[in-house]
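Peer 1: Requesting a structural model of the entry that follows:
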Amino acid sequence: MADIVLSFVVDAALSRVVSLITDEIMLAWNLKDDLKGLRESLTMIRAVLLDAEEQQTKREPVRLWLKKLREVAYEAEDVLDELAYENLRRKVEMQEQSGSEIKNEAMGYGLQVVTKDRIMPQIDLDRVTDSVLDDPVVGREADVSKIVNLLNCSNDQQVLTIVSIVGMGGLGKTTLAKLVCQEVMEKKFFDLKIWVCVSDNFDDQRILGEMLQTLNANMGGLTNKDAVLQELEKALEGKKFLLVLDDVWNEVSKRWDDLKTRLVRVSRNTGNAIVVTTRSEQVASIMETSTHYRHTLNLLSDDECWSIMKERAFGNGEASIPLDLECIGKEIAKKCRGVPLAAKVLGGTMGGFERDKEAWLSIMNSNVLNSSDNKDNVESVLKLSFDHLPPFLKPCFAYCSIFPKDFILQRKN
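Peer 2: Reported below is the predicted structural model:
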């Protein structure tokens, strides 16, 4: 990811140099020739940068050259910052002088300064979450069956049954929760399904508010907690609900206890359930009660990872694949280390190469995928996928990273 940042730095610096070359103040300081030289250097660097990014994983000297280039690029950016600052300071001085002259003229005409407060419009950043499955799921049938049975066996015995799905990032906890939702709703174990993506912001009022908005879109604007609880109680009256709290990070037991107390208050019926997905064993621990069950998600087999990769690469797991490609693919599947997210990403990357044997071999032999740690390995797979994006898509990817976690981009906007 550092290399895409470097390309942005070079592009931004080049753009600023071009702008400064024609600036009157720069001309007055006799910096035009120096700036032209810097422009030529940056243009050359940009021309070879893409090739260097692709070769850095294979050639150590290229990687070291890129490291040195980063330092030079950042230094150039600092110099341009200083020039831009001095340029802006001079322009502000000139603007202030002009402003003072205009102000004195206005006072001479007996005019008064009238100010008007401006209220910035509030931007509504809609967060949309759902429980719809996008792709076929491999290797989680036993997990689904176990959790569905837990929910069914405990049904009607207590007000709230809690099941936490625990595992590292990329194992498919959210996907498993979606599968469970799908099955229990088909079997009519519950009347209502409510899905809330929690992430870092574990706030009981926000969670209760999103629950209410899911059940009644017209009630989404309520901010008073008591009013939210009253309306939620009405919406849940006589119904059994399944609440999914996705991606929970809160490790403060009091926050969880407060939410559970309020949920019991609005849930007069027995047989309700909460499914929690989390990476944290501590989160699962603070939720533990006599009606709590913990389900730890395990790694997939290499064959299951290969099955996912085939589906992503060819769109049909039953498609005919040349034997030599299949052998390469199965070796690559081992590098997924049982993580379905890694298999999906690698499969998508390989699909872009279609049936190019050399491209598949380059992935198999990549040193990027040799991490012994699963977490680092997932990040390495994502990095490899990013490296193989077309140049015009890399800035789009970086642009998307500025949005908050779990934010859904609306295509029409």
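Peer 1: If we ignore the residues flanking it in sequence, what's nearest Lys334?
Peer 2: Nearest residue to Lys334 in three dimensions, chain neighbours excluded: Asp302, at 5.1 Å (CB to CB, 6 or more residues apart in numbering). (Glycine included, C-beta is placed from N, CA and C.)
Peer 1: Ok, Leu179 next?
Peer 2: Nearest to Leu179 is Val144, by CB to CB, 6+ apart, at 4.8 Å.
Peer 1: Tell me which residues touch that neighbour, please.
Peer 2: 176, 179-180, 183 (CB atoms under 8 Å, 6 or more residues apart in numbering).
Peer 1: Now the element after the strand or helix carrying it, going C-ward?
Peer 2: According to DSSP states H and E, Val144 maps onto helix 141-153. In the C-terminal direction, the helix or strand that comes right after helix 141-153 (DSSP H and E) is strand 160-166.
Peer 1: So which bits of the next helix-or-strand element following that next one are buried?
Peer 2: For strand 160-166, the succeeding helix or strand toward the C-terminus, using DSSP H and E, is helix 173-186. Of the residues in helix 173-186, 173-184 count as buried by neighbour count, 16 or more other CB atoms under 10 Å.
Peer 1: can you list the residues you listed in JSON lines and add pLDDT?
Peer 2: What follows is the buried residues of helix 173-186, written out as JSON lines (pLDDT from 0 to 100):
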{"residue": "Lys173", "pLDDT": "94"}
{"residue": "Thr174", "pLDDT": "94"}
{"residue": "Thr175", "pLDDT": "94"}
{"residue": "Leu176", "pLDDT": "95"}
{"residue": "Ala177", "pLDDT": "96"}
{"residue": "Lys178", "pLDDT": "95"}
{"residue": "Leu179", "pLDDT": "95"}
{"residue": "Val180", "pLDDT": "96"}
{"residue": "Cys181", "pLDDT": "95"}
{"residue": "Gln182", "pLDDT": "94"}
{"residue": "Glu183", "pLDDT": "94"}
{"residue": "Val184", "pLDDT": "93"}
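Peer 1: from these, which single one is nearest Ile328?
Peer 2: Of all those, Ile328 sits closest to Thr175, with 26.7 Å by CB to CB.
Peer 1: Leaving out chain neighbours, which residue sits closest to the closest one?
Peer 2: Val137 is the one closest to Thr175 (CB to CB, 6+ apart), at 5.8 Å.
Peer 1: same question, Pro136
Peer 2: Glu311 (6.1 Å).
Peer 1: Moving C-terminal from the helix or strand harbouring that neighbour, which element do we reach first?
Peer 2: Under the criterion of DSSP H and E, Glu311 resides in helix 302-314. Heading C-terminal from helix 302-314, the first helix or strand you meet, by DSSP H and E, is helix 323-334.
Peer 1: ok, the buried residues of helix 173-186 vs Ser366, which is closest?
Peer 2: Closest approach between the buried residues of helix 173-186 and Ser366, by CB to CB: Thr175, at 26.4 Å.
Peer 1: Just to check, that closest one is in contact with Arg140?
Peer 2: Yes. Contact status for Thr175 versus Arg140: in contact at 7.2 Å, counting by CB atoms under 8 Å.
Peer 1: which neighbours do those two share?
Peer 2: In contact with both Thr175 and Arg140: no residue, using CB under 8 Å, 6+ apart.
Peer 1: Can you show me the strands along the chain?
Peer 2: Along the chain, counting by DSSP state E, strands occupy 160-166, 192-199, 241-248, 272-278, 292-296.
Peer 1: quick one, the fourth one and strand 292-296 angle?
Peer 2: Just to be clear, that refers to strand 272-278. Here the directions of strand 272-278 and strand 292-296 differ by 40 degrees (axes from the mean of the first three to the mean of the last three CA atoms, to 10 degrees).
Peer 1: Just name whatever secondary elements strand 272-278 is in contact with.
Peer 2: helix 141-153, strand 160-166, helix 173-186, strand 241-248, helix 281-286 (3 or more CB pairs under 8 Å, 6 or more residues apart in numbering; DSSP states H and E).
Peer 1: now these in CSV, with distance to Lys225?
Peer 2: As requested, those are arranged in CSV below (distance: least, CB to CB, whole Å):
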stretch, distance to Lys225
helix 141-153, 29
strand 160-166, 19
helix 173-186, 27
strand 241-248, 17
helix 281-286, 22
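Peer 1: And the ones you listed: which comes nearest Trp195?
Peer 2: With CB to CB, the closest approach to Trp195 among the helices and strands packed on strand 272-278 belongs to strand 241-248: 4.8 Å.
Peer 1: Now do the contacts for the closest residue to Gly315 other than its chain neighbours.
Peer 2: Excluding its sequence neighbours, the residue lying closest to Gly315 (CB to CB, 6+ apart) is Gly351, at 7.6 Å. By CB under 8 Å, 6+ apart, Gly351 lies in contact with 312-315.
Peer 1: at 10 Å instead, please
Peer 2: Residues in contact with Gly351 (CB atoms under 10 Å, 6 or more residues apart in numbering) are 309-315.
Peer 1: Adding distance to Cys197, write these out as a markdown table.
Peer 2: A markdown table is the format used below for the contacts of Gly351 (distance: CB to CB, whole Å):
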| residue | distance to Cys197 |
| --- | --- |
| Met309 | 27 |
| Lys310 | 30 |
| Glu311 | 25 |
| Arg312 | 24 |
| Ala313 | 29 |
| Phe314 | 31 |
| Gly315 | 28 |
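Peer 1: Which one of the residues you listed is nearest to Ser199?
Peer 2: Using CB to CB, the contacts of Gly351 come closest to Ser199 at Arg312, 25.9 Å.
Peer 1: got the contact list for the closest one?
Peer 2: 135, 343-351.
Peer 1: do the same with Leu150
Peer 2: Per CB under 10 Å, 6+ apart, neighbours of Leu150: 161, 163, 180, 273, 275, 293, 295.
Peer 1: just to revisit the earlier point, minimum distance to Lys67: which of the helices and strands packed on strand 272-278 has it?
Peer 2: strand 241-248 (34.9 Å).
Peer 1: If you count contacts, what does that closest one end up packed against?
Peer 2: Secondary-structure packing of strand 241-248 (3 or more CB pairs under 10 Å, 6 or more residues apart in numbering; DSSP states H and E): strand 160-166, helix 173-186, strand 192-199, helix 204-215, helix 253-266, strand 272-278, helix 281-286.
Peer 1: Would you reformat these as TSV and include distance to Lys239?
Peer 2: Formatted as TSV, these follow (distance: least, CB to CB, whole Å):
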stretch	distance to Lys239
strand 160-166	14
helix 173-186	13
strand 192-199	5
helix 204-215	9
helix 253-266	11
strand 272-278	9
helix 281-286	27
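Peer 1: Sweet, I'm off.
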